[in-house]
Each structure stands twice: as C-alpha cells, then as structure tokens.
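Chemist: Generate coordinates for the sequence data below:
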Amino acid sequence: MDLRRRLVGYLGTLLAGLFLMALLVNLYSLRSDINTEVAASEQLAKILLDASSLDHHQPPEEAVSRLRTLIDAAPLRHLRISVEEPDGPASTDAAFIQLAQILGITPPPSPVKQVKLGQQTLYIAPNPGSEIEERLGDTVRLCITLLLFSGATLLVAWWSAHRALAPVRELEAGLQRLADGEPDAALPPFDLREFRQVAGAIDQLASALKTSRAAQKQLAKQLIQVQEEERRTLARELHDETGQTLTAIGVTAAFLERNASTLDSQRIVECAQELRRDVRTNGEQLRVMLKRLRPHGMDAEGVAGALRELIASWQQRNVGIDFRLDIPARLPAMKEEQALVLYRVVQEALTNVVRHSEARHCVVRIHPENGALHLQIDDDGKGLPSTGETRRGGLLGIEERLEMVQGRLALQTGHPTGLHLRVVLPLNETQKEEA
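Modeler: Numbering: from 1, shown residues only. Predicted coordinates for the structure are as follows:
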C-alpha cells in the first residue's frame, strides 16, 4: 500500500464516522421536534374541545379558571391562547426581536383573533418565539456537530501525518549514520511503497559511498607507497650516480690542490677536462631526475615533446613491448594543468601496460575533436581481471586526475585480448560543462 491510499483510508473512515454521528444527532433532533409538535397539537385540540364543551350553567369565574389551568398545563407552539382580551396587540418575544434585527427582518403586525366556542371566547395570536427557539436549538446542535467534526478532523490529520512521517525520521537517522561514517544505513523494512523506494536508493548510496571510501583509502595508501618509492629511487640515484660523480669531482679537485705546484700544464689541462666531464654528467643526471619528477614546459608544444621522450625512454629499456606514438604535428592550445594531467595519464597507463598486461604491442593515439582532446591507448595484453575491482591502483589514480580537469575515462576489453583505454579531455568551457 502506498501513502496516498493509506491517508485516504484514514480520512474516509473518519468522514464516514462523523457522517454517521451527524445523522444520529439529526434523527434524535427530528424525533424530539416531532414529539413536541404532536404534543402541542394534542394540547391545542384538547383546549378547543374543553372550551366548546363547558356547561353554560357553570359560573363564568369557574369556567375561566378551568380554561386557564388547561392552557397553562402544557405549552403550545406557534400560537398564544388566552381567555382574556389583551389591552393591545400580542407582544413579541425579545429573542425574536433581536434575531429579526440581526437578520434584517421586519416583524409583521400580529393582530389578535377572537374565537367563540360555546359560551366562551378565546383570544388567539401568533407566537414566533417557539419557532425561534426551535431554530436556535437546531443551530446550536449544528455548531456542536461542526465543532466535533473539526476537532476530530484535526486530531486524525495530526495522527495520520505523525504516523505517515515516522519512516521519514527513520530515513533521516539512516542518512545521519552514513554521515557519521558508518558503513550501513541500517534502515528497517517499510510497508509503504514510496519509502521502500527511498530506502532502496539510500542503500545504493551507502554501497556507493562504501566503495568510494574504500577507493579513497586505497588511493591514499597507493599515494604513500608511490611517494616512498619515489624517495627510495631518488635516494638510490643520488647515491649511485650523482654521489659517485661528485666524489670523482672531489678527488680530482683534491689532486689539483695537492699537486698544483708540481704538475705540468698538460696534466692540469687533463684534470680540468675530467672536471668538466664530471660536471656535465652530473648536470645530465640532474635533468633526468627533474624531468621524471615533473616535466618542464608543460604546454601544447612541451607536452608533445615530453610524450615523445617518454615513449622513447620505454623503447630504450627493452621491456619486450613495441611502443608507438600517433600524435598530430601540432596539438591545440591547453592549460598547463591540462597538459600535465595528459602527460601523467599516459605515463601511468604505460606503466600499467609494462607491469600487468604482458602485451607485445602498445599504441598511443592523441587527436583533437569537437573542442576536446581524445586519448586512446591500446594494447594486446591480457586485459582487465575477470573478477574483483577493476578500477584500482593506477586506474583509480588516472580517474582522480581526470576529475580535476573534468575529463572522462572509459575502459573497453579488446577482441580477442587486450585493453582499450579512452580519455576525453575538454579544452573549452562548453566541453567542461558537458563533461
């Protein structure tokens, strides 16, 4: 059952109950009015019969007293009967006058009628007070019914809303648990279809958040490992290459310092040449390390040259893979951040190909299209693993870098083997908004 049917069911039950109660009140009021009307009619008939059947030999005072007692025994409706002629027209009740003034009604004149029955004369005049009393009673009962109806409606509406929104509080608590870092929202089962759908969406969000947090931890761990590996590599190269070169420079300089007065000019020239060679070697080693840490001149022209040098360096390492670069003669203009991301993506992708793919060929293609730069890296290796998380390690790092510049990453399994990596790097604001 959904929320709409449940609320309609609650309110429909309430309205049916209130309608039944109003019907019972009206039936009770109708029975009371009918009984009063019947009693008043019987009383009027009795007064008229008694007045017409009085013995004309009876003393007038006794006859009048008997009629007065009969008239006062029970009230009449709509009429006023007396045995004495009033001094003026029949008086109108104060309640009728006030109600007539409120409603803008002008009371009509109420002349007294004389009815002669036997030896007695009765004076009959209209009496609107009973009708006013009847209508006021009906109005009071109607107001009480409406008041009860309104109060019951408010109570049922509040109770229905409170009961219907109870799942919302559960959903809010589940979202708060996710915000506090718990892996699961721990939502209870819901009866209503709408809240079951929302709970399902929250469970999917929790699963995605859990995966994202795990990927974030893995990426942070990988970042620390990469930093430590770079530091070890840098320390090893500084010790094995730069340190040895500096040691050779120091030895040559010390030799010149000790034997400068006894060496001939030819020997001094040889020592100077050795110093120049060692300084040049040290400079080349420093440039290689700096280029590996961060390529210099990252723009459209600089990144093209850096990519050619990167492919050439992998070719020189003889890793058993034939690398090929297909790049236009001139790349479109791009920011330094975009150029650096492009270089790092190719660098990381080639590293993954060498470490994991067992490929024999790898082709890197770059071409501009529709205001964006398209990168394709295809290899003929074993592709992605069939089980487990696919985007981890280097691929996760590539995806994080592309998100910095609103880029997109797609992976396709090759046929029959291999992996096709597709990257779209927007170069203008329109492409960034679409990305």
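
Chemist: Model confidence score at R422, please.
Modeler: What the model reports as pLDDT for R422 is 93.

Chemist: Find the residue at the geometric middle of the protein.
Modeler: Nearest to the mean C-alpha position of the chain, counting by C-alpha atoms, centre = their mean, stands V198 at 9.5 Å.

Chemist: Before we move on, what's the pLDDT of that residue?
Modeler: 83.

Chemist: Point out where the stretch 51-200 of the chain drops to low pLDDT.
Modeler: 51-58, 60, 63, 74-75, 84-101, 103-111, 117-120, 126-132 (pLDDT under 70).

Chemist: surely Q338 meets L425?
Modeler: Yes. Using C-beta atoms under 8 Å, Q338 is in contact with L425, at 6.2 Å. Where C-beta positions appear, they are placed from N, C-alpha and C, glycine not excepted.

Chemist: what residues do those two have in common as contacts?
Modeler: Here Q338 and L425 have L373, V405 as joint contacts, going by C-beta atoms under 8 Å, 6 or more residues apart in numbering.

Chemist: Assign the residue nearest to the centre of the chain to helix, strand or coil.
Modeler: At V198 the chain is in helix, as set by DSSP: H, G, I helix; E, B strand; the rest coil.

Chemist: swap in A359?
Modeler: Going by three-state DSSP: A359 is coil.

Chemist: any idea how far it lies from Q376?
Modeler: Distance, A359 to Q376, by C-beta to C-beta, to the nearest Å: 15 Å.

Chemist: ok, these two, which is more surrounded?
Modeler: Between A359 and Q376, counting by other C-beta atoms under 10 Å, A359 is the more crowded of the two (23 against 15).

Chemist: Hmm, that one is touching D380, no?
Modeler: Yes. Using C-beta under 8 Å, A359 is in contact with D380, at 5.1 Å.

Chemist: Find residues that contact each of the two.
Modeler: Joint contacts of A359 and D380 (C-beta under 8 Å, 6+ apart) are G418.

Chemist: and the closest residue to the residue nearest to the centre of the chain other than its chain neighbours, what does it touch?
Modeler: For V198, ignoring the flanking residues on the chain, the nearest one in space by C-beta to C-beta, 6 or more residues apart in numbering is L171 at 6.0 Å. If a contact means C-beta under 8 Å, 6+ apart, then L171 has L187, F195, V198, A199, I202 as its contacts.

Chemist: What separation do you get for the first one and L165?
Modeler: Going back to what we said before, that points to L187. 15 Å.

Chemist: The two - which one has more neighbours?
Modeler: Using other C-beta under 10 Å as the criterion, L187 and L165 rank with L187 on top: 21 against 12.

Chemist: Helix, strand or coil: sort out the more buried one for me.
Modeler: coil.

Chemist: give me phi/psi at it?
Modeler: Backbone torsions for L187, taken as degrees, to the nearest 10, come to phi -90, psi 140.

Chemist: on that earlier part again, could you dump the contacts of L171 into JSON lines with distance to Q347 added?
Modeler: Shown next, in JSON lines, are the contacts of L171 (distance: C-beta to C-beta, whole Å):
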{"residue": "L187", "distance to Q347": "44"}
{"residue": "F195", "distance to Q347": "49"}
{"residue": "V198", "distance to Q347": "44"}
{"residue": "A199", "distance to Q347": "44"}
{"residue": "I202", "distance to Q347": "39"}
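
Chemist: Which of these sits closest to L27?
Modeler: Nearest to L27 among those: F195, at 42.9 Å, using C-beta to C-beta.

Chemist: check which helix or strand covers R213.
Modeler: helix 193-237 (DSSP states H and E).

Chemist: Sorry, wrong one. I was asking about M289.
Modeler: helix 265-293.

Chemist: buried stuff in that helix?
Modeler: C271, E274, D278, T281, N282, Q285 (16 or more other C-beta atoms under 10 Å).

Chemist: quick one, it and helix 193-237 angle?
Modeler: 170 degrees (axes from the mean of the first three to the mean of the last three C-alpha atoms, to 10 degrees).

Chemist: So what's the gap between helix 265-293 and the chain middle?
Modeler: Taking C-alpha atoms, centre = their mean, to the nearest Å, one finds helix 265-293 lying 65 Å from the centre of the chain it belongs to.

Chemist: For that helix, which helices and strands make contact with it?
Modeler: helix 193-237, helix 243-259 (3 or more C-beta pairs under 8 Å, 6 or more residues apart in numbering; DSSP states H and E).

Chemist: Apply 6 Å and report the result again.
Modeler: helix 243-259 (3 or more C-beta pairs under 6 Å, 6 or more residues apart in numbering; DSSP states H and E).

Chemist: All set now, cheers.
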